[in-house]
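*Asks:* Mind looking at a prediction? Sequence and model below.
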Amino acid sequence: MLDLGCGSGAFTTFVAKAVGEQGKVYAVDIQPKMLQQLERKLAKPENQDIRNIELKETSAYELPFEDETLDLVYMVTVLQEIPDRGRALREIKRVLKPSGILAVSELLPDPDYPLRSTTVKMCQLEGFVLEEDLGNLWNYTVRFRKP
């Protein structure tokens, strides 16, 4: 799976533990300083048993993965930070396997918080199919499937 816009890894280690040793998490961010923070976090004693995370510094527009190779891409308060969201969503669609999942989470304290309907429309416009809608006004996750 891909943690797109992983930042300092607030969710990355939890996801890596959830997928287990058989799974792999690619932590991608455009900012080297964020990835350095995640590296320091992974070096802490409580995280040294986590070996299934691979860090990649790259843009959401040029993901370094072959077509249709990932099962899941998730973003937490990231989509609105990307200037050309349509281009990023098309790139995500390219790397997701058929029936792969895109999960987008947003939290209201974020100054770029979009309404749920905005996120849904944006992803549907790029061909994703809404599968599940969770949460409330303060925070939500919408899950889409690649057709």
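*Replies:* The structure has been received and is ready for your questions. Numbers count the residues shown, from 1 in each chain.
*Asks:* burial count for the residue lying closest to Gly135 once chain neighbours are set aside?
*Replies:* Using Cβ to Cβ, 6 or more residues apart in numbering and skipping residues adjacent in sequence, the residue nearest Gly135 is Thr141, 5.7 Å away. C-beta here means a position set from N, CA and C on the backbone, and glycine is covered the same way. Residues lying near Thr141 (other Cβ atoms under 10 Å) number 16.
*Asks:* my guess is Thr141 is in a strand, correct?
*Replies:* Yes - applying DSSP: H, G, I helix; E, B strand; the rest coil, one finds Thr141 inside a strand.
*Asks:* Surely it touches Leu107?
*Replies:* No - assessed by Cβ atoms under 8 Å, Thr141 is found out of contact with Leu107, at 10.0 Å.
*Asks:* From what I see, Glu57 and Lys33 are in contact.
*Replies:* No - when contacts are counted by Cβ under 8 Å, Glu57 is not listed as touching Lys33 (10.2 Å).
*Asks:* what does the strand ranked longest in the chain contact?
*Replies:* Longest strand in the chain by number of residues, with DSSP state E as the criterion: strand 96-107. Residues outside strand 96-107 that contact it (Cβ atoms under 8 Å, 6 or more residues apart in numbering): 68-77, 79-80, 89, 92-93, 113-114, 116, 119, 123, 128, 131, 135, 138-147.
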